[in-house]
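Undergrad: How does the following fold in three dimensions:
(2 chains)
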Protein chains: 2
Amino acid sequence: MQTTEKPKQKQKQKRKTNDMSVKISNSLHRMFDNLCKAIEEIDGCKFAEKSWNRDENGKWIEASGGNGIVYIDRALRDGNVFEKVGVNYVSMLGELPPGMSFRGSEPAMESENGSDKPTPYFATSTSFAINPKNPMAPTAHVNYRYFQLGDGVEAGSWWFGGGGDLTPIYLFEEDAVHFHRVHKEACDKHNIEFYPRFKKWCDEYFYLPHRAECRGVGGIFFDNLQGREKEELFSFVKTCSEAFNDAYLPLVNKRKDMEYLEENKYWQKLRRGRYAEFILLNDKGTSFGLKTGIVQPQSVLNCMPGEAFWNYEDYPLLNSKEAKLLEVLKNPRDWV
Amino acid sequence: MQTTEKPKQKQKQKRKTNDMSVKISNSLHRMFDNLCKAIEEIDGCKFAEKSWNRDENGKWIEASGGNGIVYIDRALRDGNVFEKVGVNYVSMLGELPPGMSFRGSEPAMESENGSDKPTPYFATSTSFAINPKNPMAPTAHVNYRYFQLGDGVEAGSWWFGGGGDLTPIYLFEEDAVHFHRVHKEACDKHNIEFYPRFKKWCDEYFYLPHRAECRGVGGIFFDNLQGREKEELFSFVKTCSEAFNDAYLPLVNKRKDMEYLEENKYWQKLRRGRYAEFILLNDKGTSFGLKTGIVQPQSVLNCMPGEAFWNYEDYPLLNSKEAKLLEVLKNPRDWV
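TA: Numbers count the residues shown, from 1 in each chain, chains lettered A, B, ... in the order given. Here you go, the predicted model:
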């Protein structure tokens, strides 16, 4: 085993300039920066930022002067347009404990691998949870990520994941259509089968079984995506991540100044309660993050909504606007 | 097997008048009613109530006229003193799927039992999640429950569970001392070893590992309690459940009219966010309820706080009153 180690070290060096780990982490960093800038432009307020590094004992410390950054959190609270936006960007090399692997966002024990050595991995990701103040403007979530074990050359040793999804508080059908259309066009550039497959996956993933409701009107979602040329999937993920701004931001601009009543704000808080339920009860990424401690808990939970609310009787009146949303959450539609 | 069934049916009849299932469900019903009345007296507002029954297809329907009630939910929202109080009372006969059992609040497969028949069970419980408006007044939770398989005669076929715990938003040490002292006195009447054992269990159970914080300042907690005379444990649970009003309500009366600032209300909402995290991420009773569908989801989640709030930077200033609370949540104390 020892003789094979040195070449691996060399590959790691090479990877730093040429490899997928660099290409995808640069691409996701551009998305991270562009979307943050676009949100700040709409809002007028700036994100607060914290960058994190590990000290020699593995303890998280703030990364000063841009050196040794493992990941970055950004948060915008109580802005002019947005109530709460939580953002993360990660690009990290690490080691999995012996025998441990990941299949998509789920840790798995690789018992066939009898090695007692830790497995090096590379992970990169960016994610946004965007909550506008105005209840007529939809909440959105977007996350794209790449993971590889070792040098990521072998089939099955790497995968892509992610997607973008829309969570309206009030349903404007044309908004859902627009969000889906932009995502479909992005998918169709690469493979005509992707949109229907990842649209369905999104409806199934962002689902609260205990409420028998989808979280929102969906979008696209995929996990543990592999089995094709890595370049092909990278190019697909790049297109989708670049399409998100056009899919979502026009909806915020259209709705951010609409008039609303106190009762609309109440319904928004109830829906944020559902969003919190999904994250804490159902989201695999959250339980993965909290269990593995791959980043700090407040970073994992940076995607939580701002003000959430629970009430025993939270079902809307028949034929109300609120009931119209719930109808769609219980019966996902084909929007395009 | 068939010949043994008829005597079991007879035992079920007998149980309805003499047995532990009747005694404990009556006792918990008294607690339920007394505590609800006491809360209404303090608040001036009344609980809304819904009673539930199953129709012939097993679908939950509102129980009308007091007949066939399986369980009762009560909720008080936006009262004069309380922001949100969620209450349940359950007394139900049911059947576990073949091979399934419960060890405390955790479903377990009883593979040693080769029976392909469903196992009849009896469960009774009452629980309160009490959130005052004033951030100086502590939140409290109390729940007592009894479970038996079949006629509950065999050792290991029944257990008690429950406890009461206090979740202050601001720490008043004398309040924590009072709450613990009343619970200790109740325990000591039965067994001098109970309080230290169940106090520790409470600190360990109401713990958020991802935050490395206890939910509150504890109280008592036990689950799957058996291995002694059933009457002895019933008597202990009865004493504890009756002690809760004296342990908690004086604290509400003492704090409900204290002055507070907007920033205290903000801290209260952040702590309610932690409370929501505990329920959705860590509480075994909640995941048990949602997974088994033993009652409806909105009944399980009747224990959620009202208004909760998340912020990326939610750590208090050094030496602040908020930091004083956090210090105790991170390092549980012996209060009596």
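Undergrad: So which residues on chain A come close to chain B?
TA: Within chain A, the positions adjacent to chain B are A:48, A:50, A:73, A:75, A:77, A:84, A:86, A:210-211, A:269, A:273, A:276-277, A:280-281, A:290, A:297-298, A:300-302, A:304-314 by CB under 8 Å from any CB of the partner chain. To be clear about C-beta, it is placed using only N, CA and C from the backbone, and glycine gets the same treatment.
Undergrad: and the most centrally placed residue in chain A, which of the three is it?
TA: In chain A, the residue lying closest to the centroid (CA atoms, centre = their mean) is A:N143, at 2.4 Å. Put simply, A:N143 is strand when judged by DSSP: H, G, I helix; E, B strand; the rest coil.
Undergrad: Repeat that for the one 5 residues further on.
TA: Local secondary structure at A:Q148 is given as strand here, using three-state DSSP.
Undergrad: Identify the residue spatially nearest to it, adjacent ones excluded.
TA: Spatial nearest neighbour of A:Q148, excluding adjacent residues (CB to CB, 6 or more residues apart in numbering or on different chains): A:W158 at 3.9 Å.
Undergrad: residue contacts, that neighbour?
TA: A:M20, A:Y146, A:F147, A:Q148, A:L149, A:G152, A:Q226, A:K230 (CB atoms under 8 Å, 6 or more residues apart in numbering or on different chains).
Undergrad: just to revisit the earlier point, tell me which element the closest residue to the residue nearest to the centre of chain A other than its chain neighbours is part of?
TA: Once flanking residues are discounted, A:N143 sits nearest to A:S127: 3.7 Å by CB to CB, 6+ apart. Using DSSP states H and E, A:S127 sits in strand A:119-132.
Undergrad: Show me what that strand is packed up against.
TA: Under the contact definition 3 or more CB pairs under 8 Å, 6 or more residues apart in numbering or on different chains; DSSP states H and E, strand A:119-132 sits against helix A:5-18, helix A:20-43, strand A:82-96, strand A:100-103, strand A:139-149, helix A:230-255.
Undergrad: Let me know the pLDDT of A:G156.
TA: For A:G156, the pLDDT comes out at 85.
Undergrad: Please tell me I have it right and it contacts A:Q226.
TA: Yes. With contacts counted by CB atoms under 8 Å, A:G156 reaches A:Q226, the gap being 6.6 Å.
Undergrad: Go ahead and measure how far stretch A:174-184 is from the middle of the chain.
TA: Relative to its parent chain, stretch A:174-184 has a centroid offset of 18 Å by CA atoms, centre = their mean, to the nearest Å.
Undergrad: Can you list the neighbours in contact with it?
TA: So stretch A:174-184 is contacted by A:138, A:140, A:164, A:166, A:168, A:195, A:199, A:217-220, A:240, A:243, A:246-248, A:250-251, A:254-255, A:328, A:333, A:335-336 (CB under 8 Å, 6+ apart).
Undergrad: So what's the model's average confidence on it?
TA: On average, stretch A:174-184 scores 98.
Undergrad: Pull out the buried residues from that stretch.
TA: By neighbour count on 16 or more other CB atoms under 10 Å in any protein chain shown, the buried set for stretch A:174-184 is A:D175, A:A176, A:H178, A:F179, A:H180, A:V182, A:H183, A:K184.
Undergrad: How far does stretch A:200-213 stretch from one end to the other?
TA: 15 Å (CA to CA, to the nearest Å).
Undergrad: need the contact list for the residue nearest to the centre of chain A.
TA: A:S125, A:T126, A:S127, A:F128, A:G161, A:G162, A:G163, A:G164, A:G285.
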